[in-house]
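Colleague: no sequence on this one, just coordinates:
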């Protein structure tokens with residue numbers, strides 16, 4: 001009988017989950033919000049700083065975020081086809 005040891009990942013060495021700050025665009029779905037996150041990046045050719053944005057679907061358990069709010073979202077395991085983020089806090093109403 002062999003004794004195998006299963007190594008569990010050390011919580012101190014786990015990578016931190018990504019966090020983003022953005023504006024809520026829509027909260028019409030149940031427990032889901034659409035958050036627009038804006039980044040400032042240099043244009044590949046012209047090197048001018050341009051604003052680019054992306055929409056993220058985030059889980060809002062208590063349906064507390066409203067359109068126009070500034071929110072903090074964190075990456076989590078996939079909850080559905082599009083939802084991979086959760087609402088952490090509302091920064092500004």
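Modeller: On my side now, so go ahead. Fair warning: this is a prediction, and the values are worked out from it, not measured in the lab.
Colleague: and residue 22, how many neighbours?
Modeller: 24 (other Cβ atoms under 10 Å). Quick note: C-beta positions are derived from backbone N, CA and C, even for glycine.
Colleague: list the residues that contact the residue lying closest to residue 78 once chain neighbours are set aside.
Modeller: Distances taken as Cβ to Cβ, 6 or more residues apart in numbering place residue 84 nearest to residue 78, at 5.3 Å, with adjacent residues excluded. If a contact means Cβ atoms under 8 Å, 6 or more residues apart in numbering, then residue 84 has 56, 57, 75, 76, 77, 78 as its contacts.
Colleague: count of neighbours near the fourth one?
Modeller: Burial of residue 76, expressed as a neighbour count using other Cβ under 10 Å, amounts to 14.
Colleague: low-confidence stretches in the protein?
Modeller: Counting by pLDDT under 70, the ranges of the chain that qualify are 1-11.
Colleague: can you select the buried ones from the contacts of residue 84 in PyMOL?
Modeller: Buried residues within these, as defined by 16 or more other Cβ atoms under 10 Å, are selected in PyMOL through the command that follows:
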select buried, resi 56+57
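Colleague: any idea which of the contacts of residue 84 is closest to residue 14?
Modeller: Proximity of the contacts of residue 84 to residue 14 (Cβ to Cβ) peaks at residue 75, which lies at 12.6 Å.
Colleague: the nearest residue to that closest one once chain neighbours are set aside - how many residues pack around it?
Modeller: Using Cβ to Cβ, 6+ apart and skipping residues adjacent in sequence, the residue nearest residue 75 is residue 18, 4.3 Å away. Around residue 18 there are 11 other residues, counting by other Cβ under 10 Å.
Colleague: if I look at residue 18, how far off is residue 47?
Modeller: Using Cβ to Cβ, to the nearest Å, one obtains 26 Å as the distance from residue 18 to residue 47.
Colleague: in this structure the residue nearest to residue 75 contacts residue 72, no?
Modeller: No - counting by Cβ atoms under 8 Å, residue 18 stays clear of residue 72, with 11.3 Å between them.
Colleague: that older thread, state the pair within the contacts of residue 84 that is farthest apart.
Modeller: Farthest apart among the contacts of residue 84 by Cβ to Cβ are 56 and 77. That separation is 14.8 Å.
Colleague: lovely, talk soon.
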